[in-house]
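Trainee: Sequence plus the predicted model coming up.
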Amino acid sequence: MRAEEWELGTIQSSEPMVDAGSVDMLSEISLPPAKMLQVLVLEDDEADFLITRKALLYLDAYKVKIDWVRSVGDAEAAALNKSYDVVLVDFWLGVETGVAAINAFGGANSQSVVILLTGMPGEDVQKIALKAGAKHCINKNQLTPVLLEATIRSARHTQRLEKQLQQTIDNLKKANEAKDSFYATMGHDLRTPLNAILGYSEMILADSLGLHVPSQYQEFANKIHIGGLHLLEVINNLMLQNGNALETINKQLEDVCLDDLVSKAIELVQFLAVGKGAEIHAHFRNEKTFLCCHKSLITQALVNLLSNAIKYSGKDARVDLSVEAVNGSCILSVQDNGVGMSAAEIELARKPYGRVALPPDLAQEGTGLGLPIVERIIEGHGGKVVIESQPGEGTCVSLHFPRKGQ
């Protein structure tokens with residue numbers, strides 16, 4: 001590497017700057033020491049280098065040690081052999097450009113502050129250099145010590161902010177990974193005992209062992225089962241809201257018979273319906289309807305809608321679930337005869353953790369995640385959720401799936 005190193009000390013004037021009467025006062029002022037910078041200048045023109053050197057020499061806040069190289073190859077060697085605080089790069093170096101030198105110092109991830117020096121008019125050169133990783137650009141024709149010092153300050157500040165931002169992003173990624181791991185573990189640890197609770201309560205209800213379980217015990221088992229199903233719904237919604245399952249919908253699509261899927265969803269909420277005295281009626285087409293979807297997530301969406309319909313309806317409620325095919329697309333609708341919602345309440349229900357107030361005779365249950373989760377699931381399938389409701393007239397929530405192949 002051909003290089004010339006310039007060690008510059010402080011510049012002193014031969015003329016006195018203050019009179020004797022002010023010396024004592026100035027001696028009491030503690031001025032901040034100038035910071036030492038290792039500077040590399042990549043410049044193939046000696047006259048331009050001397051101009052740059054002179055500007056560096058007159059910096060107020062910095063002392064500098066300067067290395068001078070004339071080619072990209074020498075700059076690459078310098079990058080390997082020494083650490084620099086500031087790298088001043090000329091853009092045109094004969095048949096080469098300074099972009100290769102910027103890349104040699106790490107580009108946008110460089111530990112050095114890279115500043116472009118160019119005499120070329122226009123913005124194209126600056127855009128190229130900034131995209132390659134330079135922090136600032138200076139026009140050679142306007143180079144002064146004041147401009148150079150201000151640019152170095154600004155570029156170093158920009159680099160510090162970028163490093164802090166990147167560190168924050170890295171910390172957030174780690175925190176998000178820890179969150180996902182926590183929810184995955186929590187979901188497993190909660191579902192495992194809950195499955196046993198649901199399984200044994202179903203055995204008691206069905207009197208599977210032929211023990212002639214008293215009706216009062218069966219009533220208690222029914223309440224346990226309803227509570228367990230509600231808890232399972234809450235756990236599933238929390239997992240979906242905070243995990244990454246909704247971001248990977250497209251990776252687990254399969255052709256599913258909607259009739260079977262609807263029947264499964266109704267089965268999962270049947271105990272809740274019985275406990276509330278509600279009736280669920282399914283309306284299918286004459287021929288089976290198939291949908292390419294994420295089976296478990298669509299089942300969860302229907303469970304959420306059916307649960308909401310039951311919760312927001314009084315005794316002897318009726319819930320109708322229908323499957324339609326319109327012009328090649330598919331529509332699943334859940335209609336109830338419950339309390340209904342105003343336009344403002346619909347907007348509230350669409351927000352995570354937003355819960356519409358229930359009448360005093362209806363228990364307030366749930367987390368307020370049911371409908372927002374449904375919307376995220378359906379949007380992840382490329383569909384949309386349509387809500388029609390009026391206070392006192394019930395609610396109809398329709399899931400519109402796009403035509404197959406769209």
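Mentor: Cool, the structure landed.

Trainee: Could you check how far the longest helix along the chain is from the centre of its chain?
Mentor: Ranked by residue count, the top helix of the chain under DSSP state H comes out as helix 145-206. In terms of C-alpha atoms, centre = their mean, to the nearest Å, the gap separating the centre of helix 145-206 from the centre of its chain is 9 Å.

Trainee: and if you look at stretch 223-236?
Mentor: Averaging C-alpha coordinates over stretch 223-236 and over its chain gives two centres that are 30 Å apart (C-alpha atoms, centre = their mean).

Trainee: Given whichever strand or helix holds L332, what are its sheet partners and their directions?
Mentor: Remark: L332 resides in strand 329-336, with elements defined by DSSP states H and E. Listed by DSSP bridges, the sheet partners of strand 329-336 and their directions read strand 318-326 (antiparallel), strand 395-401 (antiparallel).

Trainee: Helices of the stretch 251-400 of the chain, start to end?
Mentor: Across the stretch 251-400 of the chain, reading from the start of the chain, the helices by DSSP state H, counting those that start in this stretch fall at 258-276, 295-311, 343-350, 370-380.

Trainee: Point out where the chain drops to low pLDDT.
Mentor: 1-33, 121-123, 242-248, 250, 358-368, 403-406 (pLDDT under 70).

Trainee: If we use 50, what do you get?
Mentor: For the chain, the stretches flagged by pLDDT under 50 are 1-31.

Trainee: quick one, phi/psi of G382?
Mentor: phi 80, psi 10 (degrees, to the nearest 10).

Trainee: Nearest spatial neighbour of it, chain-adjacent residues omitted?
Mentor: With sequence-adjacent residues excluded and distances taken as C-beta to C-beta, 6 or more residues apart in numbering, G382 is closest to P402, at 4.8 Å. All C-beta atoms are positioned from the backbone trio N, CA, C, and that covers glycine.

Trainee: how many neighbours does the one you found have?
Mentor: Other residues within reach of P402, judged by other C-beta atoms under 10 Å, total 13.

Trainee: For it, give me its contacts.
Mentor: Neighbour list for P402: S329, H381, G382, G383 [criterion: C-beta atoms under 8 Å, 6 or more residues apart in numbering].

Trainee: repeat for Q126
Mentor: Shown in contact with Q126 (C-beta under 8 Å, 6+ apart): L116, T118, C137.

Trainee: 10 Å - rerun?
Mentor: The neighbourhood of Q126, defined by C-beta atoms under 10 Å, 6 or more residues apart in numbering, consists of F91, L116, T118, M120, A134, H136, C137, I138, N139.

Trainee: Partner strands of the host helix or strand of C137, with direction?
Mentor: In this structure, C137 sits in strand 136-139 according to DSSP H and E. Under the criterion DSSP bridges, strand 136-139 sits next to strand 113-118 (parallel) in its sheet.

Trainee: For the following helix or strand past the strand it pairs with, buried residues please.
Mentor: The C-terminal neighbour of strand 113-118 among helices and strands, as given by DSSP H and E, is helix 124-132. Neighbour-count burial for helix 124-132 flags V125, Q126, I128, A129, L130, A132 (criterion: 16 or more other C-beta atoms under 10 Å).

Trainee: Ok, stretch 319-329 next?
Mentor: In stretch 319-329, residues buried by neighbour count (16+ other C-beta under 10 Å) are V319, D320, L321, S322, V323, E324, A325.

Trainee: Stretch 224-231 too?
Mentor: Neighbour count says stretch 224-231 has I224, H225, I226, G227, G228, L229, H230 buried, by 16+ other C-beta under 10 Å.

Trainee: what comes up buried for stretch 172-182?
Mentor: Under the neighbour-count criterion of 16+ other C-beta under 10 Å, stretch 172-182 has nothing buried.

Trainee: Dump that stretch to CSV, keeping only the CA atoms.
Mentor: What follows is stretch 172-182, C-alpha atoms only, in CSV (Å, rounded to 0.1, in the frame of the first residue of the first chain):
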residue,chain,number,x,y,z
LEU,A,172,-36.7,-6.5,19.9
LYS,A,173,-36.1,-9.6,17.8
LYS,A,174,-34.7,-11.4,20.8
ALA,A,175,-37.6,-10.2,22.9
ASN,A,176,-40.1,-11.4,20.2
GLU,A,177,-38.4,-14.8,20.0
ALA,A,178,-38.5,-15.1,23.8
LYS,A,179,-42.2,-14.1,23.7
ASP,A,180,-43.0,-16.7,21.1
SER,A,181,-41.1,-19.4,23.1
PHE,A,182,-43.0,-18.4,26.3
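
Trainee: what's the burial count for S333?
Mentor: S333 is surrounded by 18 other residues when neighbours are defined as other C-beta under 10 Å.

Trainee: Quick check: nearest residue in space to S208, chain neighbours excluded?
Mentor: Among residues not flanking S208 along the chain, E202 sits closest, at 8.0 Å (C-beta to C-beta, 6+ apart).
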